[in-house]
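Student: quick one: sequence plus predicted model below, questions after.
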Amino acid sequence: MCILCGARSPHGFFHSRRNFLKTAAGGAAAAGLNLFAPRPAAAQSDDRASPPQDSGRPDRRYVIRGGAVMTMDPSMPNKGEFTQADVLVHGKTILAVGPNLATGAADVIDARGRIVMPGFIDTHHHQFETALRSFLADGVLINDGSGSASGSTTYFEFILLTFAPVYRPQDVYINELYGGLSQLDDGVTTVHDVSQIHHSPQHSDAAIQALFDTGRRAAFGYFESAGANILGTNPGNQYPQDAIRIKKQWFSSTDQLVSMIMGGEVYLGDDTTEKSWKIGRQLGLQIAAHILSPFGIRPTFDALAQGQGGSNHDIGIGADNLFIHMTGMSDMAWQRARDVGAQVSIAFPIEMNMRHGMPPIIRMQSMGMEPSLSVDVECTLTADFFTQMRSAMNLQRMIVNQMTLDSPNGNQNLPDPRNWELPQSAVTVPGNFPYWPKPPAGIPAPLTTRDVLRYATINGARALRLDRKTGSLTPGKEADIIILDPTKLNVAPLNQVPGAVVSLMDRTNVETVIVAGKVRKWKGRLLDVDLNRLRQQIEASRDFIFSAAKVPQNLFSSQ
């Protein structure tokens, strides 16, 4: 696929991308070293090798040979971790995983010295905001009256009420496409795009077209018309009833990379909740919503947990729900979410930075639940998934470690309004380290690198109801695969695979990205993409958005 090179839309909706932009306004140890097990063989040296021809086509077969393979499927032999193994792909499907596979005349991707694993899965991302990257790097959610840099240039007032209402369909398209390609380059092979920019059906179609054109797996989240619905500047708004047309036009098949999720925001009022949730369920769609205490959602969510939500008091939460953030909710509502099997997406870095409330990881662990991971908004923080994993691990371990240190004192200082340190007269424990107590019962163990890798892959697939297709390198699933390079300066020497991926890597280590069997990034370079041209288009979109919103462009703004 050549992005923006004039090919026809997969649905024939736009005559071409150009036209649209123009008019659319085995693991035995060796030598005592354990990676899971031994050190892989030397990496391939021929950087000029080409990717397998026509990868992803139904009649094409290739093998990823000799890498350290982390399948994220513990039901497989060796718990799915192989020091040196092969992954055989036929068309878009994984046929086999294991050492020394017999593959006949299959093309070969030499992965010796590399790490092979499933692509990352982002369960909540507002890709339409790509042109606003870093604008809100210092900001919080809502103006807090403090006059501070963080409390004045804020998300609700600027991103939702000022920038979002001026977006044209062509802005939606290039923002979605550019943001999606950026994450594809980072090894994120699946996204839930929470596209709250549906001012008109044309805006909706632009967002969907971009998801198809990006060439990665996606769940299109049909949410409201951000900001414009509050200001009344979206006379073409068809949310939520346009979901019926969208589902029929774009998502009649289940055998495609892009699927659909119904946005059902409860802060829009009971009437909208009633309509959006019922439409979503009539269409058989998963229903997603932002759930966080700063927007006063707790009483509304309590009613939903009791089956009394919506204007008719007959809407309740279920296994078809994906809840984003889930900060500040009641014990009763949490218990109901667990009992019905609802999914929870945590955006650790954003929640910590923008005052959403404490990411609820300890609560989830205490209830036997696990989250998926999401990046939320690039206007504030990176969409890089290595950052998401490290942030999740660091936040949870910070809390657990401090709870352990404070445990002899009853944890009465959690949280202390000044700090989380020991009391002035602290209780000690026997032994050589009087302030190093044994972790007490009831406190979760610190997260491990394998834990957050699970959150970033198979948990994400489950959260989006895609775990039969993706999330692990299980034979029979579609081949969403990344090949990571641990020989680079920031990682070498490789001593332990999960630790290297989570604690050391970044996008420069993402060497190859495969989606549904098709190679999309090869040896560090996205294929079939004119990045210079796309950058010019995203910059032009940014210039229009700032101008239309009457916000001065200032590279050293005083926010």
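Tutor: Good, I have the coordinates.

Student: and the residue nearest the centre of the chain, how far is that from Gly180?
Tutor: Against the mean C-alpha coordinate of the chain, by Cα atoms, centre = their mean, the closest residue is Asp122 at 1.4 Å. For Asp122, the distance to Gly180 equals 10 Å [Cβ to Cβ, to the nearest Å]. Heads up, the C-betas are built off the backbone N, CA and C, glycines and all.

Student: shouldn't the residue nearest to the centre of the chain be within a strand?
Tutor: Yes: counting by DSSP: H, G, I helix; E, B strand; the rest coil, Asp122 is part of a strand.

Student: tell me what it is bridged to.
Tutor: Taking DSSP bridges as the rule, Asp122 bridges to Val191.

Student: which neighbours do Asp122 and Gly180 share?
Tutor: Here Asp122 and Gly180 have Val191 as joint contacts, going by Cβ atoms under 8 Å, 6 or more residues apart in numbering.

Student: summarise which helices and strands the longest helix along the chain is packed against.
Tutor: The helix spanning the most residues in the chain, taking DSSP state H as the definition, is helix 385-406. Helix 385-406 sits against strand 120-125, helix 348-354, helix 361-366, strand 372-373, helix 449-456, helix 497-503, with contacts defined as 3 or more Cβ pairs under 8 Å, 6 or more residues apart in numbering; DSSP states H and E.

Student: out of these, nearest to Trp522?
Tutor: Closest to Trp522 of these is strand 120-125 (Cβ to Cβ; 18.1 Å).

Student: what does that closest one contact?
Tutor: Residues contacting strand 120-125 (Cβ under 8 Å, 6+ apart): 179, 183, 186-194, 288, 322, 324, 343, 345, 347, 372-376, 383, 385, 388, 456-457, 459-461, 463-464, 466, 470-471, 482.

Student: what is whatever helix or strand comes next after it packed up against?
Tutor: Counting by DSSP states H and E, the next helix or strand C-terminal to strand 120-125 is helix 149-152. Contacting helix 149-152 under the criterion 3+ Cβ pairs under 8 Å, 6+ apart is no other helix or strand.

Student: quick check, Leu95 in a strand?
Tutor: Yes: under three-state DSSP, Leu95 sits within a strand.

Student: so how far is Pro52 from it?
Tutor: 14 Å.

Student: of those two, who's got more company?
Tutor: Pro52 (22 against 17; other Cβ atoms under 10 Å).

Student: distance from the host helix or strand of Ser345 to the middle of the chain?
Tutor: Ser345 belongs to strand 343-346 when elements are defined using DSSP H and E. Computed by Cα atoms, centre = their mean, to the nearest Å, the chain-centroid distance of strand 343-346 equals 10 Å.

Student: partners of that strand in the sheet?
Tutor: When DSSP bridges is applied, strand 343-346 pairs with strand 321-327 (parallel), strand 372-373 (parallel).

Student: in a markdown table: the ones you listed, plus mean pLDDT.
Tutor: Shown next, in a markdown table, are the strands paired with strand 343-346 (pLDDT from 0 to 100):
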| stretch | mean pLDDT |
| --- | --- |
| strand 321-327 | 98 |
| strand 372-373 | 98 |
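
Student: include mean neighbour count and distance to Leu489 when you put these into JSON lines, please.
Tutor: Below are the strands paired with strand 343-346 laid out as JSON lines (neighbours: other Cβ atoms under 10 Å; distance: least, Cβ to Cβ, whole Å):
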{"stretch": "strand 321-327", "mean neighbour count": "26", "distance to Leu489": "36"}
{"stretch": "strand 372-373", "mean neighbour count": "26", "distance to Leu489": "27"}
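
Student: tell me which of those lies nearest to Gly66.
Tutor: strand 372-373 (29.4 Å).

Student: which residues does the closest one contact?
Tutor: Outside strand 372-373, the residues that reach it (Cβ under 8 Å, 6+ apart) are 121-123, 343-348, 385, 388-389, 392, 452, 455-456, 459-460, 462-464.

Student: now swap in stretch 269-285 and tell me
Tutor: 224, 239-241, 243-244, 247, 260-266, 268, 286-287, 300, 304, 309-312, 315, 320.

Student: show me which of the residues you listed are buried.
Tutor: 224, 239-240, 243, 247, 260-266, 268, 286-287, 300, 304, 309-310, 315, 320 (16 or more other Cβ atoms under 10 Å).

Student: how about Ala111, what does it touch?
Tutor: Here Ala111 is in contact with Gln44, Ile64, Arg65, Gly66, Gly67, Ile483 (criterion: Cβ under 8 Å, 6+ apart).

Student: and of those residues, the nearest to Ala228?
Tutor: Of all the contacts of Ala111, Ala228 sits closest to Ile483, with 42.2 Å by Cβ to Cβ.

Student: what helix or strand is the residue nearest to the closest one when sequence neighbours are not counted on?
Tutor: Spatial nearest neighbour of Ile483, chain neighbours left out: Thr512 (3.9 Å); criterion: Cβ to Cβ, 6 or more residues apart in numbering. Using DSSP H and E, Thr512 sits within strand 510-515.

Student: packing partners of that strand?
Tutor: helix 169-185, strand 188-195, strand 481-484, strand 518-522.

Student: sheet partners, orientation included, of that strand?
Tutor: Counting by DSSP bridges, strand 510-515 is paired with strand 481-484 (antiparallel), strand 518-522 (antiparallel).

Student: burial-wise, tell me which of these comes out on top.
Tutor: Of those, the one with the most neighbours on average (mean count of other Cβ atoms under 10 Å) is strand 481-484, at a mean of 25.

Student: I figured Gly318 hits Val340, correct?
Tutor: Yes: the criterion here is Cβ atoms under 8 Å, and Gly318 meets it with Val340 at 5.1 Å.

Student: contacting residues around the helix or strand hosting Asp543?
Tutor: Taking DSSP H and E as the criterion, Asp543 maps to helix 531-549. The contact list for helix 531-549 (Cβ under 8 Å, 6+ apart) reads 3-4, 21, 130-132, 162-163, 165-168, 170-171, 174-175, 177-178, 181, 552-553.

Student: give me the buried positions along it.
Tutor: Here helix 531-549 shows Leu534, Gln537, Ile538, Ser541, Arg542, Phe544, Ile545, Phe546, Ala549 as buried, counting by 16+ other Cβ under 10 Å.

Student: next, the angle helix 169-185 makes with that helix.
Tutor: Taking axes from the mean of the first three to the mean of the last three Cα atoms, to 10 degrees, one finds helix 531-549 and helix 169-185 inclined to each other by 130 degrees.

Student: going forward can the numbers begin at 21, since that is how I track them
Tutor: With 21 as the first residue, the last one maps to helix 551-569.

Student: CA atoms only: put helix 551-569 into PDB for me.
Tutor: The C-alpha trace of helix 551-569 is given here as PDB (Å, rounded to 0.1, in the frame of the first residue of the first chain):
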ATOM      1  CA  LEU A 551       6.900  11.000   5.500                       C
ATOM      2  CA  ASN A 552       8.100  14.400   4.200                       C
ATOM      3  CA  ARG A 553       4.900  15.000   2.400                       C
ATOM      4  CA  LEU A 554       2.800  13.900   5.400                       C
ATOM      5  CA  ARG A 555       4.800  16.100   7.700                       C
ATOM      6  CA  GLN A 556       4.000  19.100   5.500                       C
ATOM      7  CA  GLN A 557       0.300  18.200   5.600                       C
ATOM      8  CA  ILE A 558       0.200  17.900   9.400                       C
ATOM      9  CA  GLU A 559       2.000  21.200   9.700                       C
ATOM     10  CA  ALA A 560      -0.500  22.900   7.400                       C
ATOM     11  CA  SER A 561      -3.300  21.400   9.400                       C
ATOM     12  CA  ARG A 562      -1.700  22.700  12.600                       C
ATOM     13  CA  ASP A 563      -1.400  26.200  11.100                       C
ATOM     14  CA  PHE A 564      -5.000  26.200  10.100                       C
ATOM     15  CA  ILE A 565      -6.300  24.900  13.500                       C
ATOM     16  CA  PHE A 566      -4.300  27.500  15.500                       C
ATOM     17  CA  SER A 567      -5.400  30.300  13.100                       C
ATOM     18  CA  ALA A 568      -9.100  29.300  13.100                       C
ATOM     19  CA  ALA A 569      -9.000  28.900  16.900                       C
END
